[in-house]
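Undergrad: structure here, sequence nowhere to be found:
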């Protein structure tokens, strides 16, 4: 499980240090994809395989499913962290997420998300009240 918020910097070569606490779970390899809200999703290989198997159940005749899968897989990149725990984020994905030097890396349960620092600040500021308001709807009786 991934959780927490970290603030690494993107270097001039498009590399990012993974937070130390995430490295063990990602050292065998990972897949970076477009995420919702203009962030990037980082999936451990096993989680991405699970997601892929679930998507195989969607009928190829469903246009919305085809469109979603095309966008997800066309923008996917498999990576292996180097010995220092860095991953290279391909230019297309950096552009999609408008990543600048300052980034925010968050744990999101079964995946990691990479955000531009300014975009994360805006998003999280807008979601504070919704987080409070939605707890009963999203997790009825649990929180």
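TA: The structure has been received and is ready for your questions. Please read all numbers here as calculations on a predicted model, not as lab measurements. Numbering: from 1, shown residues only.

Undergrad: which residues are contacting the longest helix along the chain?
TA: Counting residues, the longest helix found in the chain (DSSP state H) is helix 117-138. With Cβ atoms under 8 Å, 6 or more residues apart in numbering as the test, helix 117-138 has contacts from 7, 37-39, 97-98, 100, 102-104, 106, 115, 143. Glycine gets a C-beta too; all of them are placed from N, C-alpha and C.

Undergrad: of those residues, which pair is most distant in space?
TA: 100 and 143 (34.5 Å; Cβ to Cβ).

Undergrad: neighbour-wise, which of the two wins?
TA: residue 100 (13 against 7; other Cβ atoms under 10 Å).

Undergrad: tell me if that one really is in a strand.
TA: No - counting by DSSP: H, G, I helix; E, B strand; the rest coil, residue 100 falls outside a strand, being coil.

Undergrad: contacting residues around it?
TA: Contact analysis of residue 100 by Cβ under 8 Å, 6+ apart lists 10, 116, 117, 118.
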